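> below: sequence and its predicted model.
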Amino acid sequence: MAQNNIVGNPYQNLEIVDGHAVKAPEDYQDSDQLYDALIARIRKYHPSTDISLIEKAYRIAKEAHEGQVRKSGEAYIIHPTWVGLILADLELDKETIAAGILHDVVEDTVMTEEEITEEFGSEVALLVDGVTKLGQLSYSADKLEVQAENLRKMFLAMAKDIRVILIKLADRLHNMRTLQFMRPEKQKEKARETMDIYAPIAQRLGISKIKTELDDLALKYSQPDVFYDLVNQINARKTEREEFVQQIVEEVSTHMKNANIKAEVYGRVKHFFSIYKKMVNQDKTVDQIYDLFAIRIIVDSVKDCYAALGAIHEMYTPIPGRFKDYIAMPKPNMYQSLHTTLMGPAGQPFEIQIRTVEMHKTAEYGIAAHWKYKESGGSEKSVATRAEEKLSWLRQILEWQQDTDNREFLSLLKGDLDLFAEDVYCFTPNGDVKNLPNGSTPVDFAYAIHSAVGNKMVGARVNGKLVPIDYKIQNGDRIEVLTSQNSKGPSRDWLNIVKSTQARNKINQWFKKEFKEENIVRGKEMLAAYCRAKALVLSDLTKPKYMQVVQQKYGFRDWEAVLAALGHGGLKEGQIINRLLEEYNKEHKEAITDETILEKVSEAAKNKVHVTKSKSGIVVKGIDDMAVRFSRCCNPVPGDEIVGFVTRGRGMSIHRTDCVNIIHLSESERARLIDAEWEQEEEKGTGQYMAEIRMYAMDRTGFLMEISKVFTENKIDVKSMNARTSKQGKVTLEIGFIVHGREELAKVAEKLRQIDGVIDIERAVS
């Protein structure tokens, strides 16, 4: 391949394989030499710039880091200077480059934020402070809370100033280039973190220059065997491939010249991580991946893009279904190009990408292109505003981080940052373009228009024809959403068919808002039941100062929001109680545990060691035969965990261990608790027991009839039924019926859950 057609890395010390950096650089040992390279790079894209701010930043950073060394043994100042050089390669403004050089001084030296402000002004100081705070993030691939919290901070930093993330990406890129000096386990951890967080963010910001190298380096250190095997396979046919690409480049260049289209034409091999994902997703070998390389045509105008497309379709046979117009319908990260796959002279398929010079800059630099040196003297605010307008997805993510708990936020975000999800493009009745994830339905489309449209949706027409709501949208479909003011809102079944994270989030938000009161009540009951099962006193744990800690930990405004999150499944009981216990135990030497309760039970029954069977079928450990009855407050059935309570003059009452009356016993009354268990015969279901459940549902015609049908078909004797209906059409039913044990109860509950409109079912505790 001719030298001028090879796409390489701008830094000569990187090992290049088909245009890709695969080895860490041998950094400059002389930091001043590296600094000179930085200034030369800046002057190349902005010859008239005043470099005094950058010069001052380098001098102060060098003094502050004096005596510090990296794992490689080289002077620490090498690292921040490389960060500045990477930022200069993105052609960023002098404030960003200065902050990049200074990004470690507050955390790693004696220099303070106040001193940064005094020396460089508030803009640079805020950038350094933002990067410093992000540097304090910890990472765990296993801990959901840590991942979610890190990502929340990342996107909040973006909202304040996108340049903070650009500096952080440059910092991570240089650290990945020098990762060979870390321990193998640290290499894998950093590689995983890069794959999970940094590369997806670079992708979303459209910075392919950084994203592709991060991907390749992460693959190299996370799966070195896979990486080097792939490198060897690609290199094995390097000469043959270069000859083919050179032939295509020369043919296309000649044809562009003959068509009077001014164009730059060159070929490139797709980066290793992209090839690896194609192999995994398509279950193919390297030889079976036909679009290993692409030809790029860079022209002056959009008109020339389409003219070039017509010209190359005259030269080569286009492969049907492989043309994509990202100029008319840009990607969410601002990417624009024409993509077409063609059949080469020898039957070898290849891809051509056509774009303007400006589109190419956006493809390479992404959002960074909006922070270049400003020739026109435009204000920082106007530049930031223009950049933000391009990133509607960022505003959406910021809404998510305010309205969702950690588990849901992480799930939504990972779906939104999916690097390999193809988009489908469709039209509104007015002809506006909407891009959605491949596999989206009319429900996704409705919520892409507005949450109010989705919430009132009752059907859809596609290309003038009525379609089911689970119809898979195709490219070019024209979609009309049918709505009704009488709609009671979305169905939970929609969560099983929607593809976009936006739609899923809006549906969940509707249910949270509509059922907030029910979720709070359910959350209270779940906490109480959990404490009863663990023999904890909930009132001891729910002190305002303890609850405040939980609220702050999970980012909720008040305690009701915590309970609502628990009620709808965003939090688990253990997460809340464990935090409350931590605070309680700080003030109490003796922790509340199951053992303390068991000791009291043992003390109460230490002189009664024989076990007898009562007529009720209960084996009571450690006490003589006495009158035994089942508590009406919790209605235990065989299979439930139970406990006995010795009453004053009325024998023993048997409760479920999660009964509210057991958990609220005073310390003196707890001495009356006796361990109890079901006799084996009772576990087999020979007796009849009263059970009570509570159902939450949306009311509708025929609802009670369907419930009655379940009990009739299963030959269940219903003893009581009470219903309460809200103004919003939500109904709460309490149903008492006879079962033989917990297994039968669970079977009935499962059948009831299958009824349309049922939201949740739980055991009733009064």
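Yep, it's here.
> would you list every one of the strands in the stretch 151-300 of the chain?
Secondary structure of the stretch 151-300 of the chain (DSSP state E, counting those that start in this stretch): strands located at 263-269, 293-299.
> what's the last one in contact with?
Outside strand 293-299, the residues within contact range by Cβ atoms under 8 Å, 6 or more residues apart in numbering are 241, 245, 248-249, 252, 256, 261-270, 305, 308, 312, 350-357, 360. The C-beta positions use only the backbone N, C-alpha and C, and glycine is treated the same way.
> filter the residues you listed down to the buried ones.
Applying 16 or more other Cβ atoms under 10 Å to those, the neighbour count classes 241, 245, 248-249, 252, 256, 261, 263, 265-270, 305, 308, 312, 350-356, 360 as buried.
> narrow these to those in helices?
Among the buried ones among the contacts of strand 293-299, the members found in helices (DSSP state H) are 241, 245, 248-249, 252, 256, 305, 308, 312, 360.
> which pair of those spans the longest distance?
Across these, the two members that end up farthest from each other (Cβ to Cβ) are R241 and C305, 26.3 Å apart.
> give me the nearest residue to A676, chain neighbours excluded.
Counting by Cβ to Cβ, 6 or more residues apart in numbering, the nearest residue to A676 once its immediate chain neighbours are dropped is G644, at 4.2 Å.
> check T732 too.
Spatial nearest neighbour of T732, excluding adjacent residues (Cβ to Cβ, 6+ apart): R724 at 4.8 Å.
> likewise V286?
With Cβ to Cβ, 6+ apart as the measure, Q233 is the residue that lies nearest to V286, at 4.5 Å, once sequence neighbours are left out.
> what about that neighbour, how many neighbours?
Per other Cβ atoms under 10 Å, the neighbour tally for Q233 reads 14.
> begin at 5, not 1, for the rest of this chat.
Noted, 5 is the first residue going forward, which turns the last one into Q237.
> and the next element down the chain from the helix or strand encompassing A456?
Secondary-structure element containing A456, defined by DSSP states H and E: helix 455-459. Heading C-terminal from helix 455-459, the first helix or strand you meet, by DSSP H and E, is strand 461-466.
> pull out the buried residues from that next one.
Residues 461, 464, 466 are the ones in strand 461-466 that count as buried (16+ other Cβ under 10 Å).
> report the beta-bridge partners for the last one.
The one in question is V466. With DSSP bridges applied, the residues forming beta bridges to V466 are K469, I483.
> before we move on, what about the first one?
According to DSSP bridges, the residues that bridge with M461 are T487.
> okay, it and S455: tell me how far apart.
Here M461 is placed at a distance of 11 Å from S455 (Cβ to Cβ, to the nearest Å).
> which residues do the two both contact?
Shared contacts of M461 and S455 (Cβ under 8 Å, 6+ apart): none.
> before we move on, back to that, surely the residue nearest to A680 is in contact with T661?
No. Taking contact to mean Cβ atoms under 8 Å, the distance of 10.8 Å between G648 and T661 leaves them out of contact.
> which one's more surrounded, those two?
More neighbours sit around G648 than around the other of G648 and T661, counting by other Cβ under 10 Å; the figures are 25 against 19.
> now do the SS call for that one.
The three-state label given to G648 by DSSP: H, G, I helix; E, B strand; the rest coil is strand.
> ditto for the one 10 residues further on
With three-state DSSP as the basis, the three-state label of I658 is strand.
> that one reaches D679, doesn't it?
No. With contacts defined as Cβ under 8 Å, I658 does not count as touching D679, sitting 11.5 Å away.
> may I see the buried residues of the helix holding A456?
Residues of helix 455-459 classed as buried under the neighbour-count rule (16+ other Cβ under 10 Å) are 455, 458-459.
> any idea how far R633 is from I678?
For R633, the distance to I678 (Cβ to Cβ) stands at 14 Å.
> ugh, typo on my part, it should be T651
T651 sits at a distance of 11 Å from I678 (criterion: Cβ to Cβ).
> now A61
For A61, the distance to I678 equals 74 Å [Cβ to Cβ].
> low-confidence ranges in the stretch 505-654 of the chain?
For the stretch 505-654 of the chain, residues meeting the criterion pLDDT under 70 lie at 592-632, 652-654.
> just the stretch 55-204 of the chain next, same as before
Low-confidence segments of the stretch 55-204 of the chain, defined by pLDDT under 70, are located at 138-164.
> and if we set it to 90?
55, 70-79, 94-97, 110-119, 127, 130-170, 182, 184-190, 192-194, 196-204 (pLDDT under 90).
> what residue spans form the domains of the chain?
35-226, 239-374, 425-503, 513-591, 617-682, 693-767 (the TED database).
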